[in-house]
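Trainee: Build me a structure from this.
(one chain, ligands or ions: 1)
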Amino acid sequence: MQLTDMESDLRPTLFDFHGVSMTKYFTENWENVQNFQARPDDILIATYPKAGTTWISYILDLLYFEQKSERETIVPIYERVPFLEITQIFSSETTNLADKLTTSPRLIKTHFPVQFVPKSFWEQKSRMICVMRNAKDLAVSYFHFNRMNHVQPEAGDWMVFGSWYDHVNGWWEKKSTYSNLLVLFYEDLVEDPGRELDKLCHFLGLSPSSEKKERILSSAHFDNMKQNKMANYSTLPVMDQKVSPFMRKGKVGDWKNHFTVAQSEVFDEDYERKMKNSSVKFRDEI
Ligand SMILES: Nc1ncnc2c1ncn2[C@@H]1O[C@H](COP(=O)(O)OS(=O)(=O)O)[C@@H](OP(=O)(O)O)[C@H]1O
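Mentor: Below is the predicted model:
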C-alpha cells in the first residue's frame, strides 16, 4: 500500500504527559478516554507496545468469536480489538472506537501504564490481561516498529508510553490487589502456546473443545498470522511494511542479533539497578 504525502508526514514528537512520554495521538482525546464507560464483561488487553498485544488479541477474538466467519475475513484485528486511547488520525471524530463495538464481551486494547486506565474499568471489575515481554527483545521490536510506522516518533527517540520498567512494575504490583488481572509472558507463549491458552481459558472460565483449541493455536501461529491480512496490519497505510513487517520475527532472543556483547553488558547493569526491588522475572532466551 502506498503512503500519500499527508500520511508520510505524520511523525509526532514526544512530550512529558503526567510523567510519561507520550505523543498527541494518545493524549488528544484524554478527557473522553478517561470518561470511558467500561462494562463488567469487558476484557482489557493491557500491554507495553510490542509485548504480544496482537497475538493475545487474536487468540481472544478467536476464543469468543471464531464462528463469525465474516469477522474472520473482512474485519482487521485493530477494528475487532480497538485501541482505547488512540485518536482517529484521519477524522475529526472524537467518539472512542471501543464505544462502537457491538460484541459481548468487548475486547479492548490499551498500552497505558496502570495509573492511566480509566476508573470505570476498576469500578466495573472488568477482566484485564497483561502480556509482558523481556526488555531486550521488546526494544528491538519497538525500534523496527518505529522505523516502519509513520505515526510513531523516529526510531531512536525515547519510547512512547514511557518507561518499560515503570510499566511492567506498575502492572505487576496491581496483580496483588486486583484479582481480575491475568499476567502472561511472551516467552511462555512462544515456549508452550497450548499451556498458556489453557491458563487463559481458566482465567476466563471458558472450556473450549480440544478441536477448537487446536484451530486457535494453528490460526494464531506466527506463520499464519503473518500471512493473514486481517491480523498482519497490512491494511493500515501508516505502516510501511517494506521497511519492516509488523509480523517481523516473532522470536525470543532476536536481541542477540542486534546488541553487541558490550551493549548487552551495559544494558544488564542498568537493568539490575532498575529492577532490584521488583519481583517480576523475565527470560530473554528459552
Ligand atoms: N503469533 C505470534 N507469535 C509470535 N510473535 C508474534 C505473533 N504475533 C505477533 N508477534 C510479534 O509480536 C510483536 C508485535 O507486538 P504487539 O502486537 O504488541 O505490537 S503493538 O504494540 O500492538 O504494535 C512482533 O515482534 P517482533 O517480531 O519481535 O518485532 C510480532 O512479530
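Trainee: Run through the chain and note the low-pLDDT ranges.
Mentor: The chain contains residues with pLDDT under 70 at 1-9, 90-95.
Trainee: quick one: contacts for the residue positioned nearest the centre of it?
Mentor: Residue closest to the mean C-alpha point of the chain, counted by C-alpha atoms, centre = their mean, is Thr53 at 2.8 Å. By C-beta atoms under 8 Å, 6 or more residues apart in numbering, the contact set of Thr53 is Ile45, Thr47, Lys109, His111, Val131. Yep, even glycine has a C-beta here, placed from its N, CA and C like the rest.
Trainee: Of these, which is the most crowded?
Mentor: For these, neighbours were counted by other C-beta atoms under 10 Å; the highest total belongs to Thr47, with 28 neighbours.
Trainee: follow-up on the earlier one: just the contacts of Thr53: which are in strands?
Mentor: Per DSSP state E, strands hold the following members of the contacts of Thr53: Ile45, Thr47, Lys109, Val131.
Trainee: can I get the residues you listed in CSV with distance to Glu79?
Mentor: Shown next, in CSV, are these (distance: C-beta to C-beta, whole Å):
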residue, distance to Glu79
Ile45, 14
Thr47, 18
Lys109, 11
Val131, 20
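Trainee: among those, which are within reach of the ligand?
Mentor: Counting by C-beta under 6 Å from any ligand atom, Thr47 from the ones in strands among the contacts of Thr53 sit close to the ligand.
Trainee: For the contacts of Thr53, give me TSV that also has distance to Ser176.
Mentor: Below are those laid out as TSV (distance: C-beta to C-beta, whole Å):
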residue	distance to Ser176
Ile45	20
Thr47	19
Lys109	24
His111	22
Val131	18
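Trainee: need the contact list for the closest residue to Asp99 other than its chain neighbours.
Mentor: Spatial nearest neighbour of Asp99, excluding adjacent residues (C-beta to C-beta, 6 or more residues apart in numbering): Phe36 at 7.6 Å. Taking C-beta under 8 Å, 6+ apart, we find Phe36 in contact with Leu84, Asn96, Ala98, Asp99, Pro118, Ser120, Phe121.
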